[in-house]
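> Requesting a structural model of the entry that follows:
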Amino acid sequence: MDTFLIPMTDGNDLSTTLVSGKDDIDLSFNLLFRDAAGDKVVGFDTEYSLETKFSRDLNAHVVEKRIALVKLCTKYRCILFRLDRDNVDYVHLLKKLSALLANKDIVFVGVRKRDDLVKLRNEYGLEISNLVELSELVVGVLGEPALGTYGARDLAGNLDVLRHLEPRNSILSLINWLDNSLNRQQVMCAVTDTYAAYKIGKKLLDDRRRKCIY
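Okay, here's the model as predicted:
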C-alpha cells in the first residue's frame, strides 16, 4: 500500500492511498465507511487506460479505453483502487466495491459521470445506487446552464470551493493507471479531480437543502 499526504488548495492535507493487497483493501473500505457514516458524501471519479484487444469483426487489434482506476474521496482521505484483472485480490476488491457503491445511505457525487456508470456496469458488474450528477445539480441549484458544461476543476473554482487549480494535463490520458510505479505528481493530479467533486457536492447539496428549507 502506497500512501501520500497531498496538499489541497483549501489547506487540507489529504491522506491518499493506492490500494494493493487484501489487507489494504479491507482497511481502506473500513475507513471509507467510517468517514461516510458521519458525512454521507463521497466524491467519485475514474481514470481510463488504453487496452489493446483483438476484434473479430475487424480481424485486427484495436485500442480501447477502459476504466482502470476508481477514485473515492471523503473530507479526510482519497483512496485509489486499481481494477487490475491480474491482481490476486481482484475478485475480493470487486466484492467490496460492489457493497460500498450499492449503499443507499451514501451520496456519491461526480462531474459528468453518466458514461462511467455504464462502463462500470458493463465491464465490472458494478452499480452505484445513489449517484448525484453534479453537472445537473449545479444547474438546478444555481439556475445557470453554462455551469453544466464545466469540468470538475473549473466548476470548483467557479463555486469558490477550491482555488488556483491548474488545468488538467492532457498527457494523463496516456498513463497506465494500473502501473505500480505511479509518482506523486500523477497521484496528486488524479486526486485533485476527485476531491474537487467532493467539495462541489458538499456545497451544492448544502445549498439545495437550505433552498428547500427557506
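
> what's the offset of the top helix by length along the chain from the middle of its chain?
Secondary structure of the chain read by DSSP state H shows that its longest helix is helix 184-213. Put simply, helix 184-213 sits 10 Å off its chain's centre (Cα atoms, centre = their mean, to the nearest Å).

> Likewise for stretch 41-51?
So, by Cα atoms, centre = their mean, the centroid of stretch 41-51 is 5 Å from its chain's centroid.

> Of all the residues in it, which ones are buried?
41-49 (16 or more other Cβ atoms under 10 Å). (Each C-beta comes from the backbone N, C-alpha and C, glycine too.)

> And for stretch 158-173?
Buried, per 16+ other Cβ under 10 Å, within stretch 158-173: 159, 161-162, 165, 168.

> got the CA coordinates for that stretch in PDB?
This file holds the C-alpha atoms of stretch 158-173, laid out as PDB (Å, rounded to 0.1, in the frame of the first residue of the first chain):
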ATOM      1  CA  ASN A 158     -16.300  29.000 -10.100                       C
ATOM      2  CA  LEU A 159     -18.000  27.900  -6.900                       C
ATOM      3  CA  ASP A 160     -15.000  29.000  -4.900                       C
ATOM      4  CA  VAL A 161     -14.600  25.700  -3.100                       C
ATOM      5  CA  LEU A 162     -11.100  25.100  -4.400                       C
ATOM      6  CA  ARG A 163      -9.000  28.000  -5.800                       C
ATOM      7  CA  HIS A 164      -5.900  28.200  -8.000                       C
ATOM      8  CA  LEU A 165      -6.300  24.800  -9.600                       C
ATOM      9  CA  GLU A 166      -4.100  24.200 -12.600                       C
ATOM     10  CA  PRO A 167      -5.700  22.800 -15.700                       C
ATOM     11  CA  ARG A 168      -5.600  19.000 -16.000                       C
ATOM     12  CA  ASN A 169      -2.500  17.800 -18.000                       C
ATOM     13  CA  SER A 170      -3.700  16.100 -21.200                       C
ATOM     14  CA  ILE A 171      -0.700  13.700 -21.000                       C
ATOM     15  CA  LEU A 172      -2.500  11.900 -18.200                       C
ATOM     16  CA  SER A 173      -4.700  10.300 -20.800                       C
END
